[in-house]
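Visitor: Okay, here's the prediction I keep looking at, along with the sequence it came from:
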Amino acid sequence: NAGVMQNPRHLVRRRGQEARLRCSPMKGHSHVYWYRQLPEEGLKFMVYLQKENIIDESGMPKERFSAEFPKEGPSILRIQQVVRGDSAAYFCASSSTGGHEQFFGPGTRLTVL
Amino acid sequence: DQQVKQNSPSLSVQEGRISILNCDYTNSMFDYFLWYKKYPAEGPTFLISISSIKDKNEDGRFTVFLNKSAKHLSLHIVPSQPGDSAVYFCAAKTVSNYQLIWGAGTKLIIKP
């Protein structure tokens, strides 16, 4: 029973390029959450999605960031025109309907040069 | 505005002794609390949780205590083992909401 999967684990982009981060939730989970962690800080909520729906994107910057969770395939967090300040670890978590616990993937470490 | 605070950035404990990690919160609407453990370069791993209707929950070596009047919870690990060395995060939510609000974490170091 595979856990939450994220890829790539490491991503290097130059300023102005696009970054695409993928997340496959645990089997049976239909709720996906994206978090960002900056060095020496806790995790910060970005966006919460269910299949084909964005439920809450209040933690996501209004510009350059977008997320989707299509009917088929993984959830995608997309960052356009990356800047150095986007360098961080991005974690995806999933939960079952009604479950309080969120289960995390290994994260994608984005480095913007 | 930090709603969940872990005031100790790090804690060092001798192997075999008890580790006590603390967490304070300010939002009285929180009614579900979770502890996660995180190793470098990995995602957080769920450890243990507690609902506000309880004041204690135990799972093996891990026990979480909740003091609602003080808005304080603690995680006890006994006995501490070298593999427990990690960063521990406290998180809180309301039952009706999905958002986890996280503390900044406490780095636990178990000395041999």
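Guide: Received it, and whenever you're ready, just let me know what you need.
Visitor: going forward, measure contacts and count neighbours with C-alpha atoms only.
Guide: Will do.
Visitor: Near chain A, which residues of chain B are found?
Guide: Chain B has residues B:34, B:41-46, B:89, B:95, B:98-105 near chain A, with proximity defined as Cα under 8 Å from any Cα of the partner chain.
Visitor: Mind checking which of the residues you listed land in strands?
Guide: B:34, B:45-46, B:89, B:101-102 (DSSP state E).
Visitor: Which members of those residues define the maximum pairwise distance?
Guide: The most widely separated members of those are B:T45 and B:I101, with 15.6 Å between them, by Cα to Cα.
Visitor: ok now do the spatially most central residue of chain A, which residues does it touch?
Guide: Centroid check for chain A by Cα atoms, centre = their mean gives A:W34 as the closest residue, at 3.7 Å. By Cα atoms under 8 Å, 6 or more residues apart in numbering or on different chains, A:W34 lies in contact with A:45-48, A:77, A:90-93.
Visitor: helix or strand for the spatially closest residue to it that is not a sequence neighbour, which one?
Guide: Of all residues not flanking A:W34 in the chain, A:C92 sits nearest, at 4.6 Å (Cα to Cα, 6 or more residues apart in numbering or on different chains). Element membership for A:C92 (DSSP states H and E) is strand A:88-95.
Visitor: thinking again about what came up before, hmm, which of the contacts of A:W34 are the buried ones?
Guide: A:45-48, A:77, A:90-93 (16 or more other Cα atoms under 10 Å in any protein chain shown).
Visitor: For those, point out the one with the lowest pLDDT.
Guide: pLDDT across the buried ones among the contacts of A:W34 is lowest for A:F45, at 90.
Visitor: Please list all residues in contact with the residue nearest to it when sequence neighbours are not counted.
Guide: Among residues not flanking A:F45 along the chain, A:Y35 sits closest, at 4.6 Å (Cα to Cα, 6+ apart). A:Y35 makes contact with A:43-47, A:90-92 under the criterion Cα under 8 Å, 6+ apart.
Visitor: redo that, cut-off 7 Å
Guide: Shown in contact with A:Y35 (Cα atoms under 7 Å, 6 or more residues apart in numbering or on different chains): A:43-46, A:90-92.
Visitor: next one: B:Y32
Guide: B:Y32 touches B:50-52, B:92-95, counting by Cα under 7 Å, 6+ apart.
Visitor: Right, I'll call it a day here.
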